[in-house]
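**Q** below are the sequence and a predicted model for it; my questions follow.
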Amino acid sequence: MVFNPKTTHHALSLIEDMAPVITSELYADIINKNGWRTRFAPSPTGFLHIGHAYAAYVVWQIAGENPDKFLLRIDDLDYTRCSDKYINQLKSDLSWLDISWNSQETYQSQRLRRYSQALQTLLEADLIYPCYLSRMEISDFLSPPSIAQISQPCTRGALSSKEIHKRQQRGIKPALRLDMSKAIQHVGEVSWTRLDGIIIRTEPAKFGDIILGRRDITACYHLSVVLDDADSNIEVVTRGEDLRSSTDIHCLLQKLLGLPSPIYFHHPVILGEDGKKLSKRHKSPSLHNLQDTHLTLKNILRKELVINF
């Protein structure tokens, strides 16, 4: 489900249109109690925008507006783009939104050893394998090219032992790929549970041999978030609808690593006038700039302030 501000010109009506997702009778009992332990996990690669404000608002509601249940995780693995400036500003933005959070903040950059340990566990079980192929070489495995957007190829055995040794001698680091076929055989059928109790059967095979360990970073998104959520005792993973498909992979990894499976809630995402998801990359209006108007969250969300997305 998506909502396009082009047809919803006022922030008030935008939030009111989305509000039933959270405040319907289906979730009333959840919101009225102490809330669920959940998390807001921005990447400090730019300033937060109105889409982040809505995401944070949803997490705040799922947490029952209880700071102890609202965990802040900083997804700062991309060291080439992350900045302390953005970390400080996003905390200021949350405070401006009248959202408080648990004092135990998590920084992914401080958890590299944990990710390495999990990769080693999977490697010893022969569930992941090193891939020394370049991107160009990998593209040769993908035919037709459109498959590249969905499924990753199995590259196990693509290079001879002699060629692998040569690349090791040249200092080439491998990526670590999940052997999807073995992984599925290892755990069998996997499913996940929505916040409303509906059980969804997963189809991880369609993603192929995904990368879990990158050459430049210890772990990729899929592995890191699964470990972070488990170690933080997250009860409900709250995130955008655009990440729903990733849940199939995450639940598979939970099974492989013997981790608990949380409940999942995927909220709508806000689209810009071009029909694309609001993003820092597309220079969507930032909350930082909105703060300069000296308006509060209530002003923006409940007093029909017109926002040009």
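**A** Yep, that arrived. Numbering: from 1, shown residues only.

**Q** would you verify that P130 is located in a helix?
**A** No: P130 is assigned strand when assessed by DSSP: H, G, I helix; E, B strand; the rest coil, not a helix.

**Q** ok, it touching I172?
**A** No: using C-beta atoms under 8 Å as the test, P130 is too far from I172 to be in contact (10.2 Å). Any C-beta I mention is one placed from the backbone N, CA and C, and that applies to glycine too.

**Q** out of those two, which sits in the more crowded spot?
**A** P130 (17 against 13; other C-beta atoms under 10 Å).

**Q** could you give the number of residues near the residue nearest to that one when sequence neighbours are not counted?
**A** The shortest distance from P130 to any non-neighbouring residue, by C-beta to C-beta, 6 or more residues apart in numbering, is to P174 (3.5 Å). Using other C-beta under 10 Å, P174 has 17 other residues around it.

**Q** now P174: how far from S134?
**A** In this view, P174 and S134 are 11 Å apart by C-beta to C-beta, to the nearest Å.

**Q** one more: N102?
**A** The value you get for N102 to S134, if C-beta to C-beta is used, is 42 Å.

**Q** look at those two and report which has more neighbours.
**A** N102 (17 against 11).

**Q** tell me the confidence at the more buried one?
**A** The model reports N102 with a pLDDT of 95.

**Q** ranges for the helices of the protein?
**A** For the chain, helices defined by DSSP state H occupy the ranges 11-23, 25-32, 50-62, 84-96, 112-124, 135-139, 161-169, 180-187, 221-231, 246-257, 287-291, 297-302.

**Q** quick one, phi psi at G46?
**A** Dihedral angles phi and psi of G46 (degrees, to the nearest 10) take the values phi 170, psi -180.

**Q** hmm, Y86 and it touching each other?
**A** Yes: contact status for G46 versus Y86: in contact at 6.2 Å, counting by C-beta under 8 Å.

**Q** mind checking which helix or strand of this structure has the lowest mean pLDDT?
**A** Within the chain, no helix or strand scores below strand 2-3, which has a mean of 38 by mean pLDDT, DSSP states H and E.

**Q** please name the nearest non-neighbouring residue to E163.
**A** Among residues not flanking E163 along the chain, Y132 sits closest, at 7.8 Å (C-beta to C-beta, 6+ apart).

**Q** what about the one you found, how many residues nearby?
**A** 20.

**Q** now do I210
**A** As a burial measure, I210 scores 20 neighbours (other C-beta under 10 Å).

**Q** and if you look at K173?
**A** K173: 13 neighbours (other C-beta under 10 Å).

**Q** how near is it to A158?
**A** Taking C-beta to C-beta, one finds K173 at 16 Å from A158.

**Q** hmm, back to that, show me what contacts the residue nearest to E163?
**A** Under the criterion of C-beta atoms under 8 Å, 6 or more residues apart in numbering, the contact list for Y132 reads L159, E163, I164, R167, Q168, I172, P174.

**Q** so which of the residues you listed is the closest to F40?
**A** Taking C-beta to C-beta as the measure, P174 is the one of the contacts of Y132 closest to F40, at 33.4 Å.

**Q** measure the closest residue to L243 other than its chain neighbours to A41 for me?
**A** Leaving aside its chain neighbours, L243 sits nearest to H266 (6.8 Å; criterion: C-beta to C-beta, 6+ apart). Using C-beta to C-beta, we find H266 at a distance of 14 Å from A41.

**Q** so what's in contact with the two at the same time?
**A** R239.

**Q** leaving out the residues flanking it, which one is nearest to H250?
**A** Per C-beta to C-beta, 6+ apart, closest to H250 is V226, 5.0 Å.

**Q** my guess is that neighbour contacts K255, does it?
**A** No: the pair V226 / K255 is not scored as a contact, 10.3 Å apart, by C-beta under 8 Å.

**Q** out of the two, which sits in the busier spot?
**A** Neighbour count, other C-beta under 10 Å: between V226 and K255, V226 has more, with 27 against 19.

**Q** okay, that one: pLDDT?
**A** Value for V226, per-residue pLDDT: 98.

**Q** do M136 as well
**A** Note on M136: pLDDT of 80.

**Q** how many neighbours does it have?
**A** 7.

**Q** tell me how far it lies from S261.
**A** M136 is 37 Å from S261, where distance means C-beta to C-beta.

**Q** re earlier: and the gap between the residue nearest to H250 and M136?
**A** From V226 over to M136 (counting by C-beta to C-beta), the distance is 30 Å.

**Q** kindly report the same for P174.
**A** For P174, the distance to M136 - C-beta to C-beta - is 16 Å.

**Q** V190 now?
**A** Taking C-beta to C-beta, one finds V190 at 33 Å from M136.
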